[in-house]
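1. task: produce atomic coordinates for the following.
(chains A and B)
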Amino acid sequence: MIGAICRDCGASQSGPRLQPDRCEVCASPRLLAHAELHDLAIAHIDCDAFYASVEKRERPELANKPVIVGGQKRGVVAACCYIARLKGVHSAMPMFQARKACPDAVVIPPDMELYRRVGGQIRELMLDVTPLVEPLSVDEAFLDLSGTERLHGGSPAQTLTRLITRIEDEIGVTASVGLSHNKFLAKLASDMDKPRGFQVIGRAETLALLAPMPVGAIWGVGKMLKAKLQRSGIKTIGQLAQIGEAELIKQYGVIGRRLAHLSKGLDTRAVNPHGNAKSVSAETTFSKNMKDAKALSSRLWPLCETVARRLKARDLAAKTVTLKLKTSGFQILTRSRSLAAPTQLAEVLFRQARQLLDKEADGRSFRLIGIGASGFAETESADMPDLLDRRVETYAKVENAMNAVREKFGAPAIKKGRSLL
Amino acid sequence: MKITIERGLLLKVLAHIQSIVERRNTIPILSNVKFDAPDGRLSLNATDMDLDIVETIPADVTVNGSTTAPAHTLFDIVRKLPEGAQVELDCTGDDGQLVLVAGRSRFTLSCLPTEDFPVLSGGELPHSFAISVDELKNLIDRTRFAISTEETRYYLNGIYIHAADSDGTPVLRAVATDGHRLASVDLPLPVGAADMPGVIVPRKTVTELRKLIEDAEGEVQLSLSDTKIRFAFEDCVLTSKLIDGTFPDYDRVIPAENDKELEVDAKQFAAAVDRVSAISTEKSRAVKLSLSAGNLMLSASSPDNDTATEELSVNYDAGEIEIGFNSRYLLDITQQIDGELARLKLSDAASPTLVQDSGDDSALYVLMPMRV
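-> Purely as a prediction, here's the structure:
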C-alpha cells in the first residue's frame, strides 16, 4: 500500500478514503503520497523567499504587496516574494531591471542581523528533531532523520511535516522540503515543488527522474563544465549516466567521478553538522567600557577557552586567529594573525590574541572584545610538539584535563587564575 | 645629471632594485630609486628601510649629478624597450623631471629630491670577513627552508649566523628553525669572524641576497655590527637591518643521545618519500617510517583511505620502531643530502630525530616527529 500523510494535520492515511484526494481526518487536499514515503530519511529544507518572507512577517501590511529585498539603487535582488516573481523578478537580477519589471514593488534593504536571528530560530527547531543538521546558508539545511522513528513516533516524513508546520506557526515563514535517500536528490527535490512544497524522490524513480534533466542540475556543474559537456554532445543527466566512470574521469578529471555517481543518483556524502563552518568565534560586550590592557586580556581568556572548546568539539584546528574590538565610538577593529601551525588550544589562541591586543590597547576605550579562529585544517597537524617550546604538549594535557573536569562537574568547576583578575 | 647607458645593463640592475622596493608605499620616496652619477659611473640605490641595495655600473656620464625616480615604473619602461637600445637619462632641465629617451621613445618622470632619500647604509660595521660566493650559497641553500614565518616568534624569521665551535674546530655556523625542523650548517671560520656577534639575518634579506649572488663569482665581503649586516660583492652592496631578538639556545634541541642509527641511500630515500607522499593531501601530510632489521617501510594514507607503501633495504639493526614525520619537512631535509648515504639517528616516536649526510659532518638537521 502506498504510504500517505496529511501535510496539514499530519494524520497518516490508513485506508481507502471517501474522497481519495482529501485527508480522512481534516479533509485537507494537501496529501502526500509515495510508495517509499516512510523509508526515506535525508531531507533538504529551504525557506521560501526567506528574506522577503521575514520582512513580510515584520510588516504585515506588506503581505499582499510585491516585496524585493536588496540594494536600493545599485546592487542586485537578494530575495523577492512570490508576488514579485509573478512579474518576472528573480533573485540576483540587477535592481534597476527588477524595478522596471515591477515598478510597484516595495524595496527593502537587507537586514542580515534579523535574517540570521530568524534563521537561528529555525535552526533550533530543526535541531529539536535531529542533531544531524547541516546548514547550507541562513535559511536552508540538510537533515538526516535516520533512526528517529521511535523518538518522534513516526517516519521522517511525518516528523518533517510537523516540523514545517511548526516553522510556519512559530516563525511565520514557509519552507519547502525535499525528501530522498541522499543529499543530492533531497536538494534537487526541494527545488522542484516551491513554495510550501514537499517533494519526494524515491529509489525506484531516481533514474527515470534524473534522465531528462539538464546536466546543469548536477551539483558542481557550473557554466564551464556544462559548456564542455555540451560540446561533447551531453545535454541530459541520462546521457551522462550511460558513460562509464573511467571514461568520465579520463575526460573531465576528478569531477568525472562525481558526474558518474550523481548522474546515477548516487551520493554518499553524509549530512555533516559541522561541514560548513568557516570560523569559530566568541565575543562579549562589557557592561562598562574598558581601557586597561590587563583587564581586557582577562576578559579575553574565557573567550579563548570557549573557542578552543568549540574547535575541539568539532574536531577542527585553526590557522588564523582574529581579535575583534569595538571602540566606545562603535568602530569595529579586527586584527588577524596566521599561525605557523594549526591549533585547537586556548593557550595558543590567547597568546596570539594578547599580542594583537597589546598593540591596540593604547588608551582607547572599548565596549566589546571577541576572538575568532578560522582557516581550518586537519587536527592531525595541530599543536605538533615544538623543538623549542616543549610547553605546547603541556598546554594540551592541561586543557584536556580541565575539559574532563568540566564535563563531569560543569564549566565553573575549574578555572585558570588569569580569568579571576 | 645626464647619462647614457646600455638597456640590458640598466635592466639587470633595475630588476634587482625593484625587487626590494615595496609595491605599495606610504612614504612616497621609498618607491623611488636614487641615481648617483659621479665621473663615468652610475650608482643606483633603493631601500625599504630594512634593506638597502646599492649597485654601481659603468655609464657614459655627460653631466654629473643625482636624482630619484619611481623604481617600478622605470623597470617597466626599460623592460619594454627594445634589446640593445641606448637609454639616455637626463634631469638637467628646470622642471625637476627625469627625461628618459631611447630611440624614438620618450618618457618624463617626476622626481623627488635626493636629500629626502633615507640613508640606511651609514653607521659603523666593526666586524668584517670574506667568504666565497659558493660558500654563502651553500650556507643559505641548506638552511633557508627551515626559516619560520611565525610572527609571534619573530626571532625565528631569519638565519642565525655566528661563530661556533664544532668539536674543537672554530666554525662559522648558520642555523634556522621553525620549531618543527632545524638546519645547521658549518663553514671553516673565516679570518676576522671570531669576535663577531651572533646575528639573525631576516628572511627577505636572505631571499634577495640569494637572488643577487646567483650569477656572482669570487668573494663576498661581510661586514656587521649588532644591528646591521652588509654584503659586498662585485658591483653590489646590500645592507640590512638584523632581527632584534635572541635566537634560542638551539644546542639544547639537537639530540646527542639518539642511539638508533639508520643509514639509507639518500637519493632512493628522498625519491621514496616523495612517491609515498603523493598520497598525502594538503590536510594530512604524515608519512610513517617502520624500521626493522635491514628494512625500512615508508607508508602514507589519505583521509579517503588511499594508501601507499614502499620498502627500502637499509643499514639498521637497532630494534623495531615506528615514527611519523610531516612528509614535506622530511622531503625538505632529504633533498639537502648531496652525499650517497643519509644517516638518521632516532630515539623514539615522540623525540626529535637527527639527520645527516654520512660523508659530510658540516650540516645537520633535526626533525620533530608527528603523531601517527
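2. and B:Val101, that one's in a helix?
-> No - counting by DSSP: H, G, I helix; E, B strand; the rest coil, B:Val101 falls outside a helix, being strand.
3. what sits opposite it in the beta ladder?
-> B:Glu88, B:Arg106 (DSSP bridges).
4. how near is it to A:Gly119?
-> B:Val101 is 65 Å from A:Gly119, where distance means C-beta to C-beta, to the nearest Å. C-beta: built from backbone N, CA, C; applies to glycine.
5. looking at the two, which one has more neighbours?
-> Just comparing B:Val101 and A:Gly119: by other C-beta atoms under 10 Å in any protein chain shown the higher neighbour count belongs to A:Gly119, 23 against 16.
6. next one: phi and psi at the nearest residue to the more buried one once chain neighbours are set aside?
-> Spatial nearest neighbour of A:Gly119, chain neighbours left out: A:Val138 (3.7 Å); criterion: C-beta to C-beta, 6 or more residues apart in numbering or on different chains. Backbone torsions of A:Val138, given as degrees, to the nearest 10, read phi -70, psi -30.
7. what does B:Ser240 give?
-> Torsion angles, degrees, to the nearest 10, at B:Ser240: phi -140, psi 150.
8. show me where pLDDT drops low in the chain?
-> All of this is about chain A. Low-confidence segments of chain A, defined by pLDDT under 70: A:1, A:17-18, A:72-74, A:274-277, A:410-411, A:419-421.
9. try chain B instead
-> Residues of chain B that meet the cut-off, pLDDT under 70, sit at B:121-122, B:281-284.
10. mind telling me which residue is nearest the centre of it?
-> B:Val206 (3.2 Å; C-alpha atoms, centre = their mean).
11. just give me the longest helix of chain A.
-> Across chain A, the longest stretch assigned as helix under DSSP state H is helix A:293-313.
12. buried set for the very next helix or strand once past that helix?
-> Beyond helix A:293-313 on the C-terminal side, the first helix or strand identified by DSSP states H and E is strand A:317-327. Neighbour counts over strand A:317-327 (16 or more other C-beta atoms under 10 Å in any protein chain shown) mark A:Ala317, A:Ala318, A:Lys319, A:Thr320, A:Val321, A:Thr322, A:Leu323, A:Lys324, A:Leu325, A:Lys326 as buried.
13. that older thread, mind telling me what element the residue nearest to the centre of chain B is part of?
-> Applying DSSP H and E as the criterion places B:Val206 in helix B:203-213.
14. give me the nearest residue to B:Phe35, chain neighbours excluded.
-> B:Phe35 sits nearest to B:Thr67 (C-beta to C-beta, 6+ apart), 5.4 Å away.
15. follow-up on the earlier one: and the contacts of the helix holding B:Val206?
-> Here helix B:203-213 makes contact (C-beta atoms under 8 Å, 6 or more residues apart in numbering or on different chains) with B:16, B:19-20, B:50-51, B:53, B:133, B:136-137, B:140-141, B:144, B:147, B:149, B:157-159, B:201, B:220, B:229, B:231, B:233, B:236, B:238, B:240.
16. what about 6 Å?
-> B:20, B:51, B:133, B:140, B:144, B:147, B:157-159, B:231, B:236, B:238, B:240 (C-beta atoms under 6 Å, 6 or more residues apart in numbering or on different chains).
17. and the helix or strand following that helix, which strands flank it?
-> Later in the chain than helix B:203-213, the nearest helix or strand by DSSP H and E is strand B:219-224. With DSSP bridges as the test, strand B:219-224 is paired with strand B:127-132 (antiparallel), strand B:228-233 (antiparallel).
18. from B:Val264, how far off is B:Ile337?
-> 10 Å.
19. all helices for the stretch 1-150 of chain A, in order.
-> A:50-58, A:82-86, A:95-101, A:112-129, A:149-152 (DSSP state H, counting those that start in this stretch).
20. how far out from the middle of the chain is stretch B:56-74?
-> Stretch B:56-74 sits 28 Å away from the centroid of its parent chain (C-alpha atoms, centre = their mean, to the nearest Å).
21. that's all I had, so thanks and see you.
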